[in-house]
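Trainee: sequence and predicted model, in that order:
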Amino acid sequence: MSTHSPLQGTHTLPPPAPVTSAAYAGTLPAQLPLPAQAPSNVIDPVRFTALEGMVNQLAANMNTNMAELMTMLRDQNRASSSYTPPPERRTTVDPNSVARLFTLQIAMMYLFQQ
């Protein structure tokens, strides 16, 4: 057996032929091959509506679950021994502002008396 002969059961392929478009050759193909499936940019309205409904249902469920979770967390905090209620909304007066005003008045009286 020669070292250059192909192995038994293997076949050599001919070199690839150059690809030319029918438009360049001046002729049109008799029939274009049909695609195996619909293009991906076609939207099935029934399927789209069904998916939209599922998304809306999931969003509603999520809102309900979040509200329940917040209620449970709020109730858990109130039941715990370390719970402190949130501070009331009161206006607070800075005690230093009164002292500053008094000091300013004394300084003004001192300046204008001289």
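Mentor: In hand now; what should we look at?

Trainee: list the helices and strands the longest helix along the chain packs on?
Mentor: The single longest helix within the chain, with elements called by DSSP state H, is helix 45-79. The helices and strands touching helix 45-79, judged by 3 or more C-beta pairs under 8 Å, 6 or more residues apart in numbering; DSSP states H and E, number zero. For every residue, glycine as well, the C-beta is placed using N, CA and C.

Trainee: next, the buried residues of it.
Mentor: Of the residues in helix 45-79, none count as buried by neighbour count, 16 or more other C-beta atoms under 10 Å.

Trainee: beyond it, next helix or strand please.
Mentor: Once helix 45-79 ends, the next helix or strand along the chain (criterion: DSSP states H and E) is helix 95-113.

Trainee: kindly format the C-alpha coordinates of that next one as PDB.
Mentor: Extracted C-alpha coordinates of helix 95-113, given in PDB (Å, rounded to 0.1, in the frame of the first residue of the first chain):
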ATOM      1  CA  PRO A  95     -31.700  76.100  72.000                       C
ATOM      2  CA  ASN A  96     -28.500  77.600  70.600                       C
ATOM      3  CA  SER A  97     -30.400  80.000  68.300                       C
ATOM      4  CA  VAL A  98     -31.900  81.800  71.300                       C
ATOM      5  CA  ALA A  99     -28.400  82.200  72.900                       C
ATOM      6  CA  ARG A 100     -27.000  83.500  69.600                       C
ATOM      7  CA  LEU A 101     -29.800  86.000  69.200                       C
ATOM      8  CA  PHE A 102     -29.200  87.200  72.800                       C
ATOM      9  CA  THR A 103     -25.500  87.500  72.200                       C
ATOM     10  CA  LEU A 104     -26.000  89.400  69.000                       C
ATOM     11  CA  GLN A 105     -28.400  91.900  70.800                       C
ATOM     12  CA  ILE A 106     -25.800  92.500  73.500                       C
ATOM     13  CA  ALA A 107     -23.000  93.000  70.900                       C
ATOM     14  CA  MET A 108     -25.200  95.500  69.000                       C
ATOM     15  CA  MET A 109     -26.000  97.400  72.200                       C
ATOM     16  CA  TYR A 110     -22.300  97.500  73.100                       C
ATOM     17  CA  LEU A 111     -21.300  98.800  69.600                       C
ATOM     18  CA  PHE A 112     -23.900 101.600  69.400                       C
ATOM     19  CA  GLN A 113     -23.300 102.900  72.900                       C
END
